[in-house]
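In: show me how the following folds:
(one chain, ligands or ions: 1)
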Amino acid sequence: MENSLHFRFDNAETGFRVDGGDTTFGSLEDAESWLHDTAVPNPVVAGLIPYEHGGCSLFGASKDEIESGPRRAVTSRPPTRFHYDVRFNTVEAERYLTALENALGSLQDPSSELRKVVLSRVERYMFQGDFPVGDCYDFMNTSYPTGNNFCVRNIQRDGCYHLGSSPELFLSRQGRRIALHPLAGTLSKDSSRSPEDDRRRAENLFSAAKFRDEHACLVDFLREALAGFCESLVVPPDPEIVSASHVWHLGTPIEGVLKSPDIGLAKMLDVLHPSPAVCGVPRSAANEFIAEHEGRRGYYAGLVGWFDDRANCELYLALRGMEVDLAAGHVDLRAGGGIVEESSIPLEFGEAGAKMSTMQKVLGIEAGPAAAAWGSDDSAGTDSRGPVTVGGSGAGR
Ligand SMILES: C=C(O[C@@H]1C=C(C(=O)O)C=C[C@H]1O)C(=O)O
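Out: Numbers count the residues shown, from 1 in each chain. Predicted coordinates for the structure are as follows:
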C-alpha cells in the first residue's frame, strides 16, 4: 500500500500529493527532458534532489490530476515504539566530534581558505513491527500546521522514505519573479520561558558576531550568485528572527526579477545549490571537507518540492527530516549547523540535537542521551559545557 505513496507536501498555502503512477526520474536532466517532450497536459515534476549531483527521486504528473485538497491531519501518533541505537550513535557522535575539531582547526588556521562549513550528525532509532509512513506524515501535519512538510518515496532504495518539516524556502519562481528565504544562525528555544520572553532572548542572535558572520557568509554568496541571473534584486541589509519548531534562526527574505524567462532550473541550481546554508564558504573547500568527514549526504540538505516546464518552482531545503528504512527497521534523524571560527563544540552538538527534536516530537521520542548530556544553550555567547558521555540505556518511548 505504501508503495503508491510517492510525494506529499503541505504547508500553510499548499497541499500537493502525487500517489501512484510510474513516471519517475533519477536525474534533473531526465525530468527536464520529460517536461519538454511529454504529451501530458500541464506537466509537473515533484520530489527530492540530493545534496550531491545525481540520484534524484522525482515523480512526473499532470497538475490537473494532483490532489491538492486540505491536508490530512490526525491527532494521534502512530503506535510504533523506537529504541536509541547506542552502538551506532556512539560511533556517529565520535565521528561528528572529530569532524568539528578538524573544522575548527582549519577555520582558525590563517593559511586555510575555509571560512564556514556546515557539519551534521545522525541519530538512529530502531523499531520493530509496523512503521505506517502515511499515518506518520499525517501526524506531522498536526504537529506542524505551518511547516513545509514533506514525505517522499526514495526511488533509489526500495522501502525507504524521507519525511521532514523544512523551515527554509530555497527558491520559488513564478515567471521571472523569484523569492528565497535563507536561514543561518540558530539558537535553541527555551521551553521554560514564555514565548515572548524567549523571543526577546533570541535577539541575542542579532548582536553575537558568530551568528552575524554565519549569516553574512550565506547572504553574500546568494547576492553575488543571483546578480548573474537577475535584473533586479532586493536584499534587506539586516536579517530578521525566524521561529522554527524548536529553534530560532536569523533569516533574510530575498526577492528578485530574472533577466530572462528562459533561464533553466538546472543552470540556476548549479550556481545556487548547495548554498552556504548547508555547505560553506568557499563552496569547493567546504564540500571537500564535508565529503571527507561525512561521505555522501544524499537527501539530507538536498531540495524538496516541484517544478514545471517553464522552470516555475517551489523548492525547500530538505532539513529537519528523517530517513525511514522499512526493511532495516530503523529511522535516521540528521541535523547540523554552520561552523565558523568562533563556534563552540558543545553548543554545536546541542544545536544539532535541538534541530532533531523536530522529528523526535513527531515520533514521540525523547531526546537521545547524547543530546540530554549536552543540555540546551541558554545564552548566545560562548559556553563550554561538556564533554558528553554518549550511550547509556536511553530508549525512546
Ligand atoms: C544544516 C541545518 O540547518 C541549516 C543551518 C543553519 C545554521 O547553521 O544556523 C540554520 C538553518 C539551516 O539553513 C539542519 O537543519 O540540519
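In: from here on, contacts and neighbour counts on C-alpha atoms
Out: Fine.
In: so what pLDDT did the closest residue to L97 other than its chain neighbours get?
Out: Closest residue to L97 apart from its sequence neighbours, by CA to CA, 6 or more residues apart in numbering: I345 at 7.6 Å. For I345, the model assigns a pLDDT of 96.
In: over to A373?
Out: 57.
In: again with S4
Out: We have a pLDDT of 79 for S4.
In: isn't it right up against D19?
Out: Yes: using CA atoms under 8 Å, S4 is in contact with D19, at 5.3 Å.
In: neighbour count for the two, which is higher?
Out: Neighbour tally, S4 and D19, criterion other CA atoms under 10 Å: the higher count belongs to D19, 17 against 12.
In: and the more buried one, bridged to which residues?
Out: Beta-bridge pairing for D19 (DSSP bridges): L5.
In: need the contact list for it.
Out: Contacts for D19 (CA atoms under 8 Å, 6 or more residues apart in numbering) come out as 4-7.
In: R334: which of these is nearest?
Out: Closest approach to R334 among the contacts of D19 (CA to CA): F7, at 20.2 Å.
In: did I read that right, the closest one in a helix?
Out: No: going by DSSP: H, G, I helix; E, B strand; the rest coil, the assignment for F7 is strand, not a helix.
In: which element is the residue lying closest to it once chain neighbours are set aside on?
Out: Leaving aside its chain neighbours, F7 sits nearest to V152 (4.5 Å; criterion: CA to CA, 6+ apart). Using DSSP states H and E, the element containing V152 is strand 148-153.
In: for that strand, name the packing helices and strands.
Out: Counting by 3 or more CA pairs under 8 Å, 6 or more residues apart in numbering; DSSP states H and E, the packing neighbours recorded for strand 148-153 are strand 5-10, helix 133-143, strand 160-166.
In: mind jotting down where the strands sit in the stretch 151-300 of the chain?
Out: 160-166, 169-174, 177-180, 183-188, 230-234, 240-243, 247-251, 254-258, 280-281 (DSSP state E, counting those that start in this stretch).
In: tabulate those strands (CSV), appending distance to W306, mean neighbour count and mean pLDDT.
Out: Output for these, formatted as CSV (distance: least, CA to CA, whole Å; neighbours: other CA atoms under 10 Å; pLDDT from 0 to 100):
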stretch, distance to W306, mean neighbour count, mean pLDDT
strand 160-166, 14, 25, 98
strand 169-174, 10, 21, 98
strand 177-180, 14, 20, 98
strand 183-188, 21, 26, 96
strand 230-234, 21, 15, 98
strand 240-243, 24, 17, 96
strand 247-251, 23, 23, 97
strand 254-258, 19, 20, 98
strand 280-281, 25, 25, 98
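In: so which of the contacts of D19 is the most crowded?
Out: F7 (27 neighbours).
In: on that earlier part again, the strands of the stretch 151-300 of the chain: which one's closest to the ligand?
Out: Minimum separation from the ligand across those (CA to the nearest ligand atom) falls at strand 183-188, 3.6 Å.
In: now that closest one against strand 169-174, angle please.
Out: Counting by axes from the mean of the first three to the mean of the last three CA atoms, to 10 degrees, strand 183-188 points 140 degrees away from the direction of strand 169-174.
In: give me the pLDDT value at the residue sitting nearest the centre point of the chain.
Out: When CA atoms, centre = their mean is applied to the chain, the residue found nearest the centroid is L319 (1.4 Å). On pLDDT, L319 comes in at 98.
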